[in-house]
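S.K.: Here's a sequence, model it:
(chains A and B)
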Amino acid sequence: MAKKFIKLKSEDLSEWYNDLVVKAELADYSPVKGCMVIRPYGYAIWERIQSFMDKFIKEKGVQNAYFPIFIPESFLKKEKEHVEGFAPELAVVTMGGGQELTEKLIVRPTSETIMYEMYKKWTQSWRDLPVKMNQWCNVVRWEQRTYLFLRTTEFLWQEGHCAHATSEENNEMVQWALDLYKKTYTDLLAIYGVTGVKSDAEKFAGAGKTYTIEALMPNGKALQAGTSHDLGQNFAKSFDWFVSDKNGEKLYPYQNSWGLSTRSIGGLIMIHGDDNGLVFPPQIAPIQIVIVPIPNHQKASKLAEDIFIKIKSNYRCQLDDTVDESAGFKFNKWEMKGVPIRIEIGDKEADLDSVILVRRDTLEKQTIKIADLEKNIDQLLIDIQSNLLEKHKKFTQNNTFSVDSFDEFKKIMSTTRGFISAHWCENAECEAKIKEETKATTRCLPDGQPEEDGVCIHCGKPSKHRWLFAQSY
RNA sequence: CGGGGAUUGGCGCAAUUGGCUAGCGUGCAGCGUUCGGGACGCUGAGGUUGCUGGUUCGAAUCCAGUAUCCCCGACCA
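M.R.: All right, here's what the predicted structure looks like:
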């Protein structure tokens, strides 16, 4: 039995996660409370998420821009619900250049207000709509309790902010963003998420409607993995932002905003990782293939280099040909780093014109001929990607329970947890009581959830839909 | 912000009721032997025990204060 250098996922998810994030060099605790350092290997993940999403964002005609990190306090106050929602977690700058500021500046928790103030300046006519912008930036929310990637005081995200002449166009954009998130999780991160609409209590401060993608974590808690908000005309009216429509009448633009953050990386780590460390789906993996020649095998070493040169332009590939670590050490190291495919080459293989392919997700080994290498790699990359997605999908489905009695609801939430599909009367008080008794909240009304006559799991009043409940991260 | 735990070489830990020169593992540096699932030997560097004050002949150990981190809650992407 190999000595373990990280804690076991099967024993303590939290400890395993913290330990792994640091040991795999994804991130580290910083001297600043609640803030982490994202190290190159972790940042490479974020860069891949960025480039994946950015392509679609631009295709949609949304342009990248950059707005200030500071927001005048008065801006935030213009939208009542908005400021109330964020007030407890704001970082406020009161001094600048050694002098007290006449108006306090808020370190942005989100940029709706400062962006709309500028949009207002830039638009006078219906012809100036839509406005479609996005920014990649950092935001600060003063969390009481932090957790690497999943909840830190400062985090990175993209925030898209668009404004349209009609609520139909606006809604189309909101749905597009939600689809983008779904695609990002599914195709890139191999994470199965449930999309749907938030209850009033759970929606974004100031939004008309909030759409979300929720992913189930191994401990049965849900991660809000991305949100897309239909802001309606709330902010436009608060900011007195209007343009002239075709008839010369006032038109308050319909707005939306949508964000996906570095939190997604936390989900990625937690969902796919195992007792040996990280497991990255090939699409997101910073290194897809590592080639490990057995140290001091001359023939193998030469072959490894040839293969590396041959395939490095087609895959994100690394050659680990140092001789100061043993083969076993290297195998464990790269497994902890989550590299999807490892190519092992010893003189034995070299003599037979073959190599050993090891897939990280199942740790299965196969010996293949060098002539078939790229064909096999291509297939394996596809297989690993789909296997991981399928595994998470199955896990989510196996841990989604359709429940009709509150006793059963409570029992599940106090034991295995998971998603619970249950009728709810859509009354906020009822929702609050359920939360009090079970720690679970509504995550969303899932897309495509059919209408169905039933009674609220808590109060027994009539209900038309089953909502999705879970304890949340 | 409430409850719990912690802080000792880079990392992980130990040091009995206060008592010898604060140890061990790992990591690091050098040399040599190894090398197919975290190899081994020898040598060496690295500490005013989180910080401040107090008690004492004597403090890593006791007391008071303070800071930071982790875990569990409430709050949240």
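S.K.: ok, A:His423 - contacts?
M.R.: Neighbouring residues of A:His423 by C-beta atoms under 8 Å, 6 or more residues apart in numbering: A:404, A:452, A:454-457, A:463, A:465-467. To be clear about C-beta, it is placed using only N, CA and C from the backbone, and glycine gets the same treatment.
S.K.: Can you read off the backbone torsions of it?
M.R.: A:His423 adopts backbone torsions of phi -70, psi 140, taken as degrees, to the nearest 10.
S.K.: Is it possible to mark the buried ones in the contacts of A:His423?
M.R.: Neighbour-count burial within the contacts of A:His423 applies to A:454, A:456-457, A:463, A:465-467; the criterion is 16 or more other C-beta atoms under 10 Å.
S.K.: I'd like to know which of those is nearest to A:Gln63.
M.R.: A:Trp467 (36.5 Å; C-beta to C-beta).
S.K.: Can you show me the CA trace of the strand or helix carrying the closest one as PDB?
M.R.: In this assignment (DSSP states H and E), A:Trp467 forms part of strand A:466-470. C-alpha atoms of strand A:466-470 as PDB (Å, rounded to 0.1, in the frame of the first residue of the first chain):
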ATOM      1  CA  ARG A 466     -41.800  20.500  -7.800                       C
ATOM      2  CA  TRP A 467     -38.900  22.700  -7.000                       C
ATOM      3  CA  LEU A 468     -35.300  21.600  -6.400                       C
ATOM      4  CA  PHE A 469     -34.100  21.900  -2.900                       C
ATOM      5  CA  ALA A 470     -30.600  21.400  -1.400                       C
END
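S.K.: ok, which residues in the stretch 1-150 of chain A are in contact with RNA strand B?
M.R.: Within reach of RNA strand B by C-beta under 7 Å from any atom of the strand, the stretch 1-150 of chain A has these residues: A:2-6, A:14-15, A:18, A:29, A:32-34, A:88-89, A:141, A:143-147, A:150.
S.K.: okay, how far is it across stretch A:158-173, tip to tip?
M.R.: Using C-alpha to C-alpha, to the nearest Å, the end-to-end distance of stretch A:158-173 comes to 15 Å.
S.K.: hang on, the earlier thing: residues in contact with the strand holding A:Trp467?
M.R.: For strand A:466-470, the surrounding residues in contact (C-beta under 8 Å, 6+ apart) are A:194, A:196, A:199, A:214, A:216, A:220-222, A:400, A:402, A:409, A:417-424, A:434, A:438, A:440-446, A:449, A:452, A:454.
S.K.: Can you check which helix is longest in chain A?
M.R.: Criterion DSSP state H: the longest helix present in chain A is helix A:373-398.
S.K.: Now do that one: distance to the chain's middle.
M.R.: With C-alpha atoms, centre = their mean, to the nearest Å as the basis, helix A:373-398 stands 19 Å off its chain's centre.
S.K.: List the buried residues in it.
M.R.: A:373, A:377, A:380-381, A:384-385, A:387-389, A:391-393, A:395-396.
S.K.: The stretch 101-250 of chain A: helices as residue ranges?
M.R.: Assigned by DSSP state H, counting those that start in this stretch, the stretch 101-250 of chain A shows helices spanning A:112-122, A:167-183, A:234-238.
S.K.: quick revisit: as JSON lines, the buried residues of helix A:373-398 with distance to A:Lys55 and pLDDT would be great.
M.R.: Compiled in JSON lines, the buried residues of helix A:373-398 are given as follows (distance: C-beta to C-beta, whole Å; pLDDT from 0 to 100):
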{"residue": "A:Leu373", "distance to A:Lys55": "29", "pLDDT": "97"}
{"residue": "A:Ile377", "distance to A:Lys55": "24", "pLDDT": "98"}
{"residue": "A:Leu380", "distance to A:Lys55": "25", "pLDDT": "98"}
{"residue": "A:Leu381", "distance to A:Lys55": "20", "pLDDT": "98"}
{"residue": "A:Ile384", "distance to A:Lys55": "23", "pLDDT": "98"}
{"residue": "A:Gln385", "distance to A:Lys55": "18", "pLDDT": "98"}
{"residue": "A:Asn387", "distance to A:Lys55": "25", "pLDDT": "98"}
{"residue": "A:Leu388", "distance to A:Lys55": "22", "pLDDT": "98"}
{"residue": "A:Leu389", "distance to A:Lys55": "20", "pLDDT": "98"}
{"residue": "A:Lys391", "distance to A:Lys55": "27", "pLDDT": "97"}
{"residue": "A:His392", "distance to A:Lys55": "24", "pLDDT": "97"}
{"residue": "A:Lys393", "distance to A:Lys55": "25", "pLDDT": "97"}
{"residue": "A:Phe395", "distance to A:Lys55": "29", "pLDDT": "96"}
{"residue": "A:Thr396", "distance to A:Lys55": "27", "pLDDT": "96"}
